[in-house]
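Chemist: no sequence for this one, just the structure:
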């Protein structure tokens, strides 16, 4: 008889001044775009310094050679310049123009070589002849250049001068971390890989959105503690998990944020466990978003959820994106640039994240203190006085639902789903009832997330 | 290979002489219709006295002011007469014609008032201008009249005399109860609210059907004990649960019966637990009824299932109806009259209730006493003697199914469902096998209903 | 992102030289076809002797009168000759032409009788007037003949001489058994009824396929031990279970093989438990077979799965067939002959059985020895060295899947299903990882099959 479902988004959108936040997020991406980041080195440090202008990140350095589970922290890579000159001495490929031109982690080189020899160090994208690919060689010491296929086709059979002014030496792996304490010591982890050079969607979009989520959460009273980490992909999460292993049990929920600025539909990749509260909440928010979206099962490929969801940790961490990794042609190319991400998509992604964290933080369990029969709402001013009216108020229904299901087993989201009423109506009813003798928040026995 | 499903109804219909029972139920409704019932008072008592002509109801009186959980038993309301006279002294609204004309629980009043002032005490249905609404004011002391909107529109701007000769004083809340002991002390609760004045579907239909179900069950040997309660809505079930709290654990299954006389399809509102045996059985019976029907999830609004299914009790009580509460325009109006309910719908509802209680009472668990390999049926006269015939008798298949699934875990209904055979064929096979050394009823370990 | 599903069959078909095995299976059926088998007697023994030319069956004899659960081993039946002669002394029905002409287990008779009296001993198939039915009378001592309805219609009203030169005397029930020990003492049971006379699909097809499966398994190193039993239907499995009751707990999985040579689609009748590993694997193999097929729930009628799945044993035994029992008109008639079964269908059935047993035997549980974060595959030669390539090799994905799900809870089939990759790719990855320090087979804690 009651179907009061409305998009949860409605209220949350009001809370987010879309236009302002869109510009702020996009502006941060623009600022970060030119920096040549890698999994180690000064580009990563410079990136963190810019983020510190928004949130008080702590910066951590882990020395090269540190054993982190089955891995070792690699040498630190830095680069000053790189180019290819033709026989006339003209720079035909120049790192200063686009840092993707150098294979990331290239060892230093400076020599003259023939076209034939050069070709074995060049990478192009024949299917997208105007784009420059993004390539890395983290775990095999080598060097190379990336260029457009059209330029490659015009190379003359002459002698070239190649120069990569880089260093690959003992140093540190750097990561940034921002912890926002909440009422509970249980933590929500938000993780972004920040190791990619001039690529916007993957992953300046995730980084920038995380920064503004952190900013927002630092201004509200939260149930959970929130931990934001900005790390290099794979080796960064492995290092972070290794260094922080003793405290990993505090992480109850988490999200990897990436590829959140393109025009594609939302995609949520579930945690390995597949039925955790964060999985449920993201599905609920997307289902109420009015957008098309896709929920996909966990698979052991992609971003840092691979590490968080390795069987020895098996954390409740999913991955929230628009177009997923590898599914769009611009992925890992020079076309993933400032034109590929748009302020409105970034703002929309941000709004969904806000909804997700809002529900997650509010999704507590309550206990009806008068569970035998319905309590008399009238004497507490919670009920209409004249019977027989056909349409009862929405809040009254929400109050009845909360009282009926507040048995210590149902979260507010469970109640919202069973009732078909908006989450915020249920939350409002629970808040109102908590001010009477009828309802108490369950403190000790928080609903366990299923393993 | 075997699909022998036939409507269970076939046999049960034979057991019910539809035409007779239809008339008997309708006749009882006709007799009860004129009485002005409320949640307390002599109208309720008079109603119980009429029911006592059919079943030996015990009548219980609970004093005003008794604390019943979060509530108190209200004052007792009685009424002798009520009217509105125009300036010519003509009774333009007369309680003697239709008791719905008075807002139920109106305090006494006798005065002359202007049209303007009168209007604030009048209730109409503009959408159904010929119908008189039904209104109550149990928990706020006030008075009022209900009338058709067409009559309302013709009221002249003159002085009126209003009179309500009622009393609202300390007294009692009355309810009726009929207990039919069975082989087991476990109880089935059948509950009807009996507080509505001249309204037929809601709920003289439920009352009358319950009476004839009780009559029938009092004439058979039953496994369960059956408890029929005729109570005022909400405060009645709260009072009953409070007074009988120590014995509530005996109630294993239950049904609220209401709105069972209209032309609508059957609707079953599941218990809060949603997966109890009564939920399963009603679904099964409706699915085999040949009728369209709807099964809906529990919601904390409606009839007395709200109290039985409050989290502190959480009983396996569903609500069986045709058109549900509030879904038909005649609901809570003068149009819910003797024309709105029809003998054939009442008889059909009765037949479904009989089927439900028949299966519920028979749905025992049996144990095969020779569980290793099939026993030799031939030497017990339970098997054809010449092999190779393509069509074996139905009973033989039922016997094989019962023997195979009589492992202490399956009820007869489980076996009927797994086999696709009619419940009564399975029951017949179990009865026949129980006469041999092959099968015994499980006594101690009745299949627990799931919480 | 990864959908690498291919029919498992592809590889397995390669392993089976279809043409050779098809002829071998068909040849064995041809050899067995003329023998007059019954549930006891020399026809059954002769059949086992022929099977012994392929596999070293042990032959067991259980004396008449032995108590086997609720039954007794029956008298042994043997037959030398049988005929009906007309008044001219012509043999119009001759056992020597077709052993189906005699009702199986007919007691001896030699007398002259009228047509009228004879008719009460004759069985025909009016709907298929050219076919001779198959009839038995195991548990009621009687005699009879089967003939085509067309011949029946031509019988003259004259005196006939009937002769059945049979014996029904204390003796033995005979069965054959072949045990192939594996690494584990846990057993897989393959059971075929071998009591039918000249009927090809039911069940020479099952017998012949089982023989070649046994031959094949005897040549490979297997995880499980395999037990093949060739028994008379019903009384044979009851006898076998009774004689071997103490060891039945070793049977972890099983299949009844029957009706595997006709042109119909595959049908798998699940075990009574319905969710066992063998049920899962057969469904998986058929789903990947490229054929249409049907999975049906257990029902307590059919073949020896009735006994294996009786509630006192409740073994994980399903029944694998093409057209099921009773669903084709040729069933239990002379039309179930050497034309009705075809080499290609037999070979196809054999190939599916090979796939099923291959997966069953390989379906172990593994444990990742470095479960915290992903291990570094590169240093073990298990990973591409240059990042950023869009298509990673299939094996690499299989390796990631195995490492992620090798947590002691997932079988290889679970991993194949979750990954959507072919079972053999997952198995290859597990084998390869087992050669490193990263993966170990779980020995003690084999995934329990659900009861």
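Modeler: Sure thing, it's come through. Small disclaimer: the values here were computed from a predicted structure and weren't measured.

Chemist: helices and strands of chain A: which one bottoms out on pLDDT?
Modeler: One helix or strand of chain A scores below all others by mean pLDDT, DSSP states H and E: helix A:9-15, with a mean of 43.

Chemist: got a pLDDT number for whatever residue of the stretch 251-400 of chain A ends up closest to chain C?
Modeler: Taking CB to the nearest CB, chain C has its nearest neighbour within the stretch 251-400 of chain A at residue A:312, 3.2 Å off. Where you see a C-beta, it was placed from the backbone N, CA and C, and this is true even at glycine. The model reports residue A:312 with a pLDDT of 98.

Chemist: what helix or strand is it on?
Modeler: Counting by DSSP states H and E, residue A:312 is held by no secondary-structure element, helix or strand.

Chemist: count the residues that sit near it.
Modeler: 15 (other CB atoms under 10 Å in any protein chain shown).

Chemist: same check on residue A:138?
Modeler: Under the neighbour criterion other CB under 10 Å, residue A:138 is assigned a count of 22.

Chemist: residues contacting it?
Modeler: Listed by CB atoms under 8 Å, 6 or more residues apart in numbering or on different chains, the contact partners of residue A:138 are A:39, A:74, A:104, A:105, A:235, C:387.

Chemist: the domain parsing of chain A - what is it?
Modeler: Domains of chain A are assigned by automatic domain parsing as A:9-73+A:173-362, A:83-169, A:365-441.

Chemist: between these, which gets the lowest average pLDDT?
Modeler: Taking mean pLDDT as the measure, domain A:365-441 is lowest among these, coming in at a mean of 88.

Chemist: sorry, back to before: in helices, which of the contacts of residue A:138 fall?
Modeler: The members of the contacts of residue A:138 that map onto helices under DSSP state H are residue A:235.

Chemist: buried subset of the contacts of residue A:138?
Modeler: With burial judged by 16 or more other CB atoms under 10 Å in any protein chain shown, the buried subset of the contacts of residue A:138 is A:39, A:74, A:104, A:105, A:235, C:387.

Chemist: next up, the contacts around the fourth one.
Modeler: Think residue A:105. Listed by CB under 8 Å, 6+ apart, the contact set of residue A:105 reads A:38, A:39, A:77, A:136, A:137, A:138, A:168.

Chemist: and the residue of the stretch 51-200 of chain A found nearest chain B, backbone torsions?
Modeler: Using CB to the nearest CB, the closest approach of the stretch 51-200 of chain A to chain B is made by residue A:184 at 25.1 Å. Comment: the main-chain dihedrals of residue A:184 come out as phi -100, psi 150, following degrees, to the nearest 10.

Chemist: just confirm it contacts residue A:250, I think it does.
Modeler: No - using CB atoms under 8 Å, residue A:184 is not in contact with residue A:250; the gap is 9.4 Å.

Chemist: shared neighbours of the two, anything?
Modeler: Residues touching both residue A:184 and residue A:250 (CB under 8 Å, 6+ apart) are residue A:225.

Chemist: any idea what the most centrally placed residue in chain A is bridged to?
Modeler: Against the mean C-alpha coordinate of chain A, by CA atoms, centre = their mean, the closest residue is residue A:257 at 1.1 Å. Beta bridges link residue A:257 to residue A:320 when assigned by DSSP bridges.

Chemist: A strand includes residue A:175, no?
Modeler: Yes - under DSSP: H, G, I helix; E, B strand; the rest coil, residue A:175 sits within a strand.

Chemist: state the number of residues packed around it.
Modeler: The burial count for residue A:175: 24, using other CB under 10 Å.

Chemist: spatially nearest residue to the residue of the stretch 151-300 of chain A found nearest chain B (excluding sequence neighbours)?
Modeler: Across the stretch 151-300 of chain A, no residue is closer to chain B than residue A:284, which sits at 17.9 Å (CB to the nearest CB). Taking CB to CB, 6 or more residues apart in numbering or on different chains as the measure, residue A:284 lies nearest to residue A:413, with 6.4 Å between them; neighbours along the chain are not counted.

Chemist: and the helix or strand harbouring that neighbour, what's buried?
Modeler: In this structure, residue A:413 sits in helix A:412-419 according to DSSP H and E. Residues of helix A:412-419 classed as buried under the neighbour-count rule (16+ other CB under 10 Å) are A:412, A:413, A:414, A:415, A:416, A:417, A:418, A:419.
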